[in-house]
Structures are given as C-alpha cells and as structure tokens.
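S.K.: Sequence first, then the predicted structure:
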Amino acid sequence: MSQEPCQRRIAVVIPCYKVSRHLAGVLSRIGSEVTAIYCVVDGCPDGSFEIATQAASADPRIRVISLSKNSGVGFAFISGTKQALSDGAEIIVKLDGDGQMHPEQIPLMVEPLVHDDADFAKGNRFFHLEDLQSMPILRMLGNAGLSFFSKLSTGYWNLFDPTNGFIAMQSQLARRVPWDKVHRRFFFESDLLFRLYTLRAVVVDVPMKSHYGSEQSNLSVFKALMQFPFFHLLNFVKRIFYCYFLREFNIASLNLLLSIGLIGFGFCFGMVHWVRSNELNQLASAGTVMFAALPVILGWQALLAFFAFDVGNVPKAPTRSRARRT
C-alpha cells in the first residue's frame, strides 16, 4: 500500500524574485502535509529575503536560501531541489511565490506520485474551460501557441500548458536529472520535460486553478515567442537523435530516414527539372512530374508513420514501479 501524503516527506521549493507583496500569504497557506519549505531568494531587490526570514521565525519548516545574484527561476529551483534531496525529501514541489498558484492544491498535485502512478506531475490551467476566463488573453494565446512546440521537443504528446511552473517530482527521479544541463531561466519547465523524456519518466497533467491579480509576471511573452521556438527545435533534434538513433533503432527510425530521403529526392529532382523546363520553355512530361511527386507523397506517409509511433511512445511505466519489479 502506498503511503498517504502526510507520511511522505514533501518539500516545497519557492523561487523568490520580486514576490514580496505575495510571499507571506503564499507561505501561510501551505498545509501540514508539507514537511519542509525552501525559499530560494534569487538576488531579489525588493525585500523578499526579509519577508521569508520573518516567516521562518514563525514556521520551523521554512529554510531561506539566499543567492548572491539573480540567476533565473530554473537555477533557483535547482538550488532548492539539491538542498531538499540532501535533507531527505521524497517528493519535491515547485511553487511560485507570486500567488498565482494555490498552495491548497499541493495534495492534489502530489497524489499521482504518492500512489506511484507517475514520476512527475505538472499543473494544467487549460483543463477546465471556465478557468480560462480569468487568464489574460495574451498569456493564454502565448501558452497555447507554445504547447505544440513543447509536444514536439519533449515527446510528451499527452501534456499541455508547457510553461506551467506548478510541478512535483519523485526524489528518485530528481537524483537522475542532469541538472547542470537544464536551462536556468524561463525555458526551465520545458527543458526539464525534455530531460525527463530521455530518462523515460512518466509525466501526468494535473488540472489546476490559477489566480491572476496584482502580480506581475517576469516572463516577457514577446521574448518567449522569439526564443522558445528555437530552443524547442534544438531539443526536438536532440531528442530524436538520442531516442531513435543513439539508444535505439526501430521502425520509427527507419520511417524517419525514408521520409527524409524520399522527400529530399523528390524535391531536388522536381526543382532541377522545373528550372530546366523554364530554360527550355517546355512543359515537363507527366512521367517527370510523377517521378518527382511520388517520392514526396511516400515520404510524407513515412513521416506521418514516424509521428504516429512517436505519439504512442510516451513513457508509461513509472520509475518506482520499474524499480520494484527489478
């Protein structure tokens, strides 16, 4: 029988940067199921350290970690996670200090991990349509647009809301993550998912509510739309190489190679004969057109077969379950 949340050592890591107006309220709402709270003050200039220290004097679970300079939300979480692991945490939750996330939902977030149904859980603000009414329209469109890129780059086709920072992970998984390679700033959540896929970790979405009030997000939507697609493309190429060529070669690998070869040949052959037809002022023969079109059509079929395999290749056996079987 799996342990109940109150019997598992649950640690909450809160990156603190310009959250002084909301931090005290967030800390006061964290329930008794949490055994340790790490406030990582990430070079914050607005007094978050003083507020966290004052809260720590009243709540012995709170420990304040101060970073000398702002290194990004990812680095702050990594710093808190390493300390939590050192202190013996079994489940680690990331909670933002700006009040957008409800600390009361921590038991719901860790439930799949407590029952060993998943290695990692993340919040999904898009699950209930009525909850979207409070989300700023620009933020909603930006997150929806980035979701498809996240599916491509991470391999977790079953997930949505890629930039959601409300996450929870098993300690066994946290010890295997190559933290020195994970992105330090706002691409942290998506990059972490890419790393988890290479570890074949089971990740689930947990429907959650968010609160949007006077808090100000430090993420620039414009910058995210400019930078994130490139980061996602880079991770997609790395994921395909790692999972379909370096570690394994299967029917999906063959389909991908066939699609690249066929589409490339059909496109190049067609372009050469199109240029030659223009130079000679002659129409290409039906045979020439078909010889160019057929490889492209077959290549697209092979590419669709590859993605069909990839969609079905989402990890399904949690790490803890695999460990028990061995």
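M.R.: Received it, and whenever you're ready, just let me know what you need.
S.K.: which residue ranges form the strands in the stretch 151-300 of the chain?
M.R.: For the stretch 151-300 of the chain, applying DSSP state E, counting those that start in this stretch gives strands covering 167-170, 203-207.
S.K.: typed the wrong thing, it's the stretch 1-150 of the chain
M.R.: If DSSP E, counting those that start in this stretch is used as the criterion, the strands of the stretch 1-150 of the chain fall at 10-16, 36-42, 62-67, 91-94, 120-124.
S.K.: Present those strands as JSON lines; the columns should include mean neighbour count and distance to Gly270.
M.R.: Placement of C-beta: from N, CA and C, glycine included. Supplementary listing: the strands of the stretch 1-150 of the chain in JSON lines, determined by neighbours: other CB atoms under 10 Å; distance: least, CB to CB, whole Å:
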{"stretch": "strand 10-16", "mean neighbour count": "28", "distance to Gly270": "52"}
{"stretch": "strand 36-42", "mean neighbour count": "26", "distance to Gly270": "54"}
{"stretch": "strand 62-67", "mean neighbour count": "18", "distance to Gly270": "56"}
{"stretch": "strand 91-94", "mean neighbour count": "26", "distance to Gly270": "50"}
{"stretch": "strand 120-124", "mean neighbour count": "24", "distance to Gly270": "43"}
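S.K.: With distance to Phe236 and mean pLDDT as added columns, please give these in a markdown table.
M.R.: A markdown table is the format used below for the strands of the stretch 1-150 of the chain (distance: least, CB to CB, whole Å; pLDDT from 0 to 100):
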| stretch | distance to Phe236 | mean pLDDT |
| --- | --- | --- |
| strand 10-16 | 27 | 96 |
| strand 36-42 | 29 | 95 |
| strand 62-67 | 31 | 95 |
| strand 91-94 | 24 | 98 |
| strand 120-124 | 19 | 93 |
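S.K.: As a markdown table, those strands with distance to Arg175 would be great.
M.R.: Formatted as a markdown table, those follow (distance: least, CB to CB, whole Å):
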| stretch | distance to Arg175 |
| --- | --- |
| strand 10-16 | 14 |
| strand 36-42 | 17 |
| strand 62-67 | 19 |
| strand 91-94 | 11 |
| strand 120-124 | 13 |
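S.K.: Of those, which is nearest Leu85?
M.R.: Taking CB to CB as the criterion, Leu85 comes closest to strand 91-94 out of these, the separation being 7.5 Å.
S.K.: Just the residues contacting that closest one, thanks.
M.R.: Under the contact criterion CB atoms under 8 Å, 6 or more residues apart in numbering, strand 91-94 has outside partners 8-15, 34, 77, 81, 84-85, 106, 109-110, 113-114, 165-171, 174.
S.K.: Mind telling me which of the strands of the stretch 151-300 of the chain the model trusts least?
M.R.: The stretch with the lowest mean pLDDT among those is strand 203-207, at a mean of 93.
S.K.: Mind listing the strands it pairs with, and their directions?
M.R.: For strand 203-207, the paired strands and their directions (DSSP bridges) read strand 120-124 (parallel).
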